[in-house]
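Asker: Based on what follows, work out the 3D shape:
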Amino acid sequence: MEVLALDFPELSDPVGLLTDRLQALETAGAIDQDGELWEGGGRAFGLFPATAPEADFGAARTERWILRPHFPWTLASVEPDLELRAEGAFGSGHHPTTAMMLDALRASKPKGRVLDVGTGTGVLALTALRQGASHAVATDISDAALASARGNAARNGLASSLALSRDLREAKGPFDLILANVRKQPLVDMAAELRARLAPRGRLLVSGLRFHEDRALCRALDLEPTQARLCQGWWQLAFGATPQRQAPA
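Answerer: As a prediction, this is how the structure comes out:
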């Protein structure tokens, strides 16, 4: 198994300073709105309530507020000719999990049928189609995400090659490549369904796991990763389906 660790030591001090500053401002009652941007260590951070969906990606947090790295919500450089708009969905291409998945996706040289679970903006499914996949099925439990993915597919002339669904059970396998950039518990819960939909020599690429969460998914899949990358505390793992053994002659 190849392991590539990407370190960002420049973030450690700024995040600590931002956390201290955030705590001091909260104690002083000086925070009265969200959505503003903070700067630290050459990085921009967005301020949100601790109960917001963005809290999962927070770099600094107190009981009431979180600061998460700020990612632009319009991206035109995932593929040179692919235009994406987030429109309220996850998947701008700038979060470490998405960036690592895009790298792994390109390296896999996708062909045939692709399944993208938790598609968000559709960034992974649409990139797979641009990279050579013949057809993609994308699922998401969020109506806003499905609307975003549908709009992005139409915007890039890929609507006829992309099927969208809220229910993973509607995605009929096998798939040559399965992509899943979601958090640990949904991945563990879906492990059997994902493996059942993987073609005998297919590949499964996942991300959304924190550094201490990878073993739970390996146990649920009953597979060991063939490749692993770690970026800012997030794993991206690649699994190859175990080839079916031929019965002795």
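
Asker: give me phi/psi at residue 109?
Answerer: In terms of degrees, to the nearest 10, the main-chain angles of residue 109 are phi 50, psi 70.

Asker: residues touching it, list them.
Answerer: 131-132 (Cβ atoms under 8 Å, 6 or more residues apart in numbering). For glycine as for every other residue, the C-beta is placed from the backbone atoms N, C-alpha and C.

Asker: how would you label the closest residue in space to residue 197 that isn't next to it in sequence: helix, strand or coil?
Answerer: Nearest non-adjacent residue to residue 197, counting by Cβ to Cβ, 6 or more residues apart in numbering: residue 173, 3.3 Å away. Under DSSP: H, G, I helix; E, B strand; the rest coil, residue 173 falls in the coil class.

Asker: surely residue 173 meets residue 195?
Answerer: No: counting by Cβ atoms under 8 Å, residue 173 stays clear of residue 195, with 9.8 Å between them.

Asker: where are the low-confidence patches of the chain?
Answerer: Within the chain, the segments meeting pLDDT under 70 span 1-81, 86-94, 241-249.

Asker: quick check: longest strand of this protein.
Answerer: In the chain, taking DSSP state E as the definition, the longest strand is strand 198-210.

Asker: All the strands of the chain, residue numbers only.
Answerer: 2-6, 37-40, 43-49, 60-61, 65-69, 74-75, 84-85, 113-117, 135-139, 162-165, 175-181, 198-210, 227-231, 234-240.

Asker: picking that back up, tell me who's in contact with the residue nearest to residue 197.
Answerer: Contact analysis of residue 173 by Cβ under 8 Å, 6+ apart lists 115, 196-199.

Asker: what inclination does the longest strand of the chain have with respect to strand 175-181?
Answerer: 10 degrees (axes from the mean of the first three to the mean of the last three Cα atoms, to 10 degrees).

Asker: List the buried residues in strand 198-210.
Answerer: For strand 198-210, a neighbour-count test (16 or more other Cβ atoms under 10 Å) marks 198, 202-209 as buried.

Asker: which non-adjacent residue is nearest residue 111?
Answerer: Leaving aside its chain neighbours, residue 111 sits nearest to residue 132 (5.6 Å; criterion: Cβ to Cβ, 6+ apart).

Asker: Could you do residue 116 as well?
Answerer: With Cβ to Cβ, 6+ apart as the criterion, residue 116 has its nearest non-adjacent residue at 3.8 Å, and that residue is residue 125.
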